[in-house]
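Q: Build me a model:
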Amino acid sequence: MSNHSRRRRPFTAAKTPRRNPPHPATVLTIALAAAATDSSPPPSTLTSLHRLLLLSPSPLTSSHLSLALSILPHLLSAPATAIIGLRIVGAAALSSFEGNEMIVGDKEVVRAVVRRIGSGERGEVMAAACDAVLDLAVSVEGRRTLVEANGLVCAMIGFIQVYKASKPSISVSSLEKGDAAYLGVENGKDKLLMLLLSAAVTLINSCNAEQLEQLPKKLVETLVIHLKQLWAQVRVQILAGKVTNMCQGRQICLRNLTASNFAESLFRLSINAWDRACEVSGEVMVRQMFGSSDNSFMDFLSNHWESSTFLLRKPVTSLDEDGHVFSSFKKLLNSSGTFPYSLSSVLQGLVSCPPIASAETSTLDFLKDKGEVLGCPLIYEQDIRVLRTDIKSKVEHHYFERSLEKDSTKPHAFIYMNDIIQCEDAYKLGYTIALRGMGFRCIEIAAISDKLAALFGQPSTGANLYLTPPNSQGLSCHYDDHCVFICQLLGTKQWMVSPNPVVQLPRLYEHLQNPSGSTAERRHIVLREGDILYIPRGIAHEASTSMGGNGLDGAADFSLHLTLSVEIEPPFEWEGFAHIALHCWSQSNCNTPQNLATGSCSRIHVILISFFHVAIELLGNSDFVFRKACLVAADHLDIDTKEWLNQNQRATFNQLIHKIYEMSNFTKVLENIRMTIQRFEDPFYRIRWLSVLTHEKLNEHDWDLPLEGINELLPLIDQHKDEFEAAFMNIKSKFCREVVFEDVARSFKMIHAVYKTTRKHYVNGMLSLHS
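A: Below you'll find the predicted structure:
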């Protein structure tokens, strides 16, 4: 019927029927006659109609379905016939596409079904109503109609009422090893609870963002509490590998309730939740990470940001005191025992965090691609690494070497309970445990990351945790494509940091070179608890706990540090700001429609603007100023710092406009586009994110030209190169003369808000899946 899994209903068909089934018209005529006299049709007639819908070798005709629909309101409203009426609704919805469409299109029938879920009736009536909802929900239109008819809210209320009266024990089963994990119950009395849960999960996962936001807040909060309790049971079983065989066990399982879509529903309900009690003050953040003076953050931006290392020694406030930004996280680590001896208990509470694409601007679109792996165990390399670097050879070794082997039959290397125990063994053998995405797993770290991102005007920041045993080195010497703040939480660690960058401000996801050069010039820094070290992107560094007696007892100490990373995505570089500036200027200065088919004037304008975008991109490749982070959206700053930063950003913008005017070259742009098209590559792929500004417009845009159209125009451009170049230079002059900083800043902040909202939704959703 649809891409949704059709539910299997157990029934046994007779091998040799004793008599032919009654004709549909006969059955429906009897039922209609009874309904017309306000009496209930004979039970045998209703049973025949139900069996007819289930077992008919060919779908009923539309006229027969219309007759069936006409009696359903009567059946559903009468207590004596409600159950069989609900079963008939389900059977008709599953009988054919047309049957589902007709049932779903009858709003009176849908509302009657929904009322039965919200009626407070227990037992067979509510179970039959849940079955009918799940049968209606096999189609997209069915799910949409049920949500609009308040079916989701009724299912949520019904689930909460039944849940409070029971203490369900959830089981996890699969048809075969490696198959999807289905949720079920061992006890028949909890079957109604599972039906309500399945109905709620199905409808939650079909909601759009607006529908999720319109759900009653208190109802969502209560449901989330119960779902988290059930999710904890599911997570433990999956982690321990306790997934029973569905065919051999006695569990009652529902084929459309898997662990992943259960996790998705919890994720969706939580995207708008944010625990403000954990928020960090911007003033406190600045004082504890950059220094206590009034101008500490301003001094950091002026003297160190994206240029040189910065070291802040342990502040007066201890990490253990409540006033410190890391105090809550440190207490959390020790809540299950003394760290690092509580390592396994920490790892057991974690699930995988599928990466969200840099250009993704919709969390629900992300779920379409990643929903199937949501809530699964940690994945090696993606979420966790266990590695050490040989002190002499400086070569990295992974403890789980098998996890790095490419296997098309096993796309993910999951970390199960036995692997977590091995992590403890690896730690004792000198291996570092590196956990990625801590800002998605721990609300305390999420709050710190959120505030750090705001200070630097970025949508989000990353957070990784590194636990290194004594006398050991984790990662080999390397440099990052993002700036990092290394926050020493426990123990000590020795850092060797190069004075000059290997690459000047490398971009995200660019191929990283192997750092080389003399180690004699490297700066030697020892971090102790509470110290913070800033290392710009492109600066080579390595660290170890081979301290030669820096621990309290004269021996080498272990180390636990948190790395906060400020990743500069393409829209938030100064090159991105320049692209936004050109786009906004071109939109306000084009007096003709921007559709390539409307005429030559519009076509030439679009081509020249697109060429100008490529010119800016080429400048970004050659001039590191274009790769610097744009801080126009920086927030939570004091008045003096904000005013100083605003002037600084204006000055940088004026500098870039001057560079664009002086250095943009039409011939180089034309050569670059020609070579890119010859490689069958998209010359504008790096600025597709501009669609955020224009997603509601249908016309072609300056960055959205089809490759075939450009390729066809190249001969024309070659033939009239002088005229095109003169027009290009004219546009460049007008743009550089007329563009206004404030106009660009507004559009820049709008893009920033879209990215920030998406990242915040992702963080909230992932936090809900962690204990």
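Q: Wait, residue 617 touches residue 687, no?
A: Yes - between residue 617 and residue 687 there is a contact under C-beta atoms under 8 Å: 7.4 Å. (Glycine included, C-beta is placed from N, CA and C.)
Q: So between those two, which is more surrounded?
A: residue 687 (24 against 20; other C-beta atoms under 10 Å).
Q: what helix or strand is the spatially closest residue to residue 129 that is not a sequence neighbour on?
A: Spatially, and ignoring its direct neighbours in sequence, residue 129 is nearest to residue 116 (3.8 Å; C-beta to C-beta, 6 or more residues apart in numbering). Assigned by DSSP states H and E, residue 116 falls within helix 107-117.
Q: Output the contacting helices and strands for that helix.
A: helix 62-77, helix 82-95, helix 97-105, helix 124-136, helix 140-148, helix 151-164 (3 or more C-beta pairs under 8 Å, 6 or more residues apart in numbering; DSSP states H and E).
Q: Which parts of the third one count as buried, going by neighbours?
A: Same thing as helix 97-105. By neighbour count on 16 or more other C-beta atoms under 10 Å, the buried set for helix 97-105 is 99, 100, 102, 103, 104.
Q: ok, now which ones touch the fourth one?
A: Think residue 103. Residue 103 makes contact with 69, 89, 92, 93, 109, 110, 136, 142, according to C-beta atoms under 8 Å, 6 or more residues apart in numbering.
Q: Can you tell me how far it is from residue 195?
A: 19 Å (C-beta to C-beta, to the nearest Å).
Q: cool, and the second one?
A: Between residue 100 and residue 195 the distance is 19 Å, computed by C-beta to C-beta.
Q: ok, now the first one?
A: Shown here: residue 99 relative to residue 195, a distance of 22 Å by C-beta to C-beta.
Q: In terms of pLDDT, where does residue 550 sit?
A: At residue 550, the pLDDT value in this model is 52.
Q: Give the helix, strand or coil label for the nearest residue to residue 371 once chain neighbours are set aside.
A: The shortest distance from residue 371 to any non-neighbouring residue, by C-beta to C-beta, 6+ apart, is to residue 264 (4.9 Å). Under the three-state scheme (DSSP: H, G, I helix; E, B strand; the rest coil), residue 264 adopts helix.
Q: Enumerate every residue touching residue 264.
A: Listed by C-beta under 8 Å, 6+ apart, the contact partners of residue 264 are 201, 205, 367, 371, 374, 375.
Q: Relative to residue 382, which of those residues is nearest.
A: residue 374 (13.3 Å; C-beta to C-beta).
Q: tell me the contacts of the residue lying closest to the closest one once chain neighbours are set aside?
A: In space, and not counting its chain neighbours, residue 374 is closest to residue 263: 4.4 Å by C-beta to C-beta, 6+ apart. Contacts for residue 263 (C-beta under 8 Å, 6+ apart) come out as 231, 351, 374, 375, 769.
Q: isn't residue 490 right next to residue 339, touching?
A: Yes - using C-beta under 8 Å, residue 490 is in contact with residue 339, at 6.5 Å.
Q: can you pull the alpha-carbon coordinates of stretch 538-547 into CSV?
A: Extracted C-alpha coordinates of stretch 538-547, given in CSV (Å, rounded to 0.1, in the frame of the first residue of the first chain):
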residue,chain,number,x,y,z
GLY,A,538,46.3,25.1,11.2
ILE,A,539,48.7,25.0,14.2
ALA,A,540,50.4,21.6,14.7
HIS,A,541,50.2,20.1,18.2
GLU,A,542,50.5,16.9,20.1
ALA,A,543,50.1,15.9,23.7
SER,A,544,51.0,13.1,26.2
THR,A,545,51.0,12.2,29.8
SER,A,546,54.7,11.2,29.7
MET,A,547,55.5,13.8,32.3
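Q: gap between that stretch and the chain center?
A: Centroid separation for stretch 538-547 versus its chain: 32 Å, with C-alpha atoms, centre = their mean, to the nearest Å.
Q: Can you point out the buried residues in it?
A: With burial defined by 16+ other C-beta under 10 Å, the residues of stretch 538-547 counted as buried are 538, 539, 540, 541, 542, 543, 544, 545, 547.
Q: ok, so of these, who is nearest residue 667?
A: Using C-beta to C-beta, these come closest to residue 667 at residue 538, 30.6 Å.
Q: And for the residue nearest to the closest one when sequence neighbours are not counted, the neighbour number?
A: Excluding the flanking residues, the one nearest residue 538 by C-beta to C-beta, 6+ apart is residue 501, at 3.5 Å. Residue 501 has 19 neighbouring residues, counting by other C-beta under 10 Å.
Q: what's the single longest helix in the protein?
A: Ranked by residue count, the top helix of the chain under DSSP state H comes out as helix 741-768.
Q: Quick one: list the elements packing against that one.
A: Counting contacts by 3+ C-beta pairs under 8 Å, 6+ apart, helix 741-768 is packed against helix 259-270, helix 363-370, helix 443-455, helix 574-588, helix 639-663, helix 691-694.
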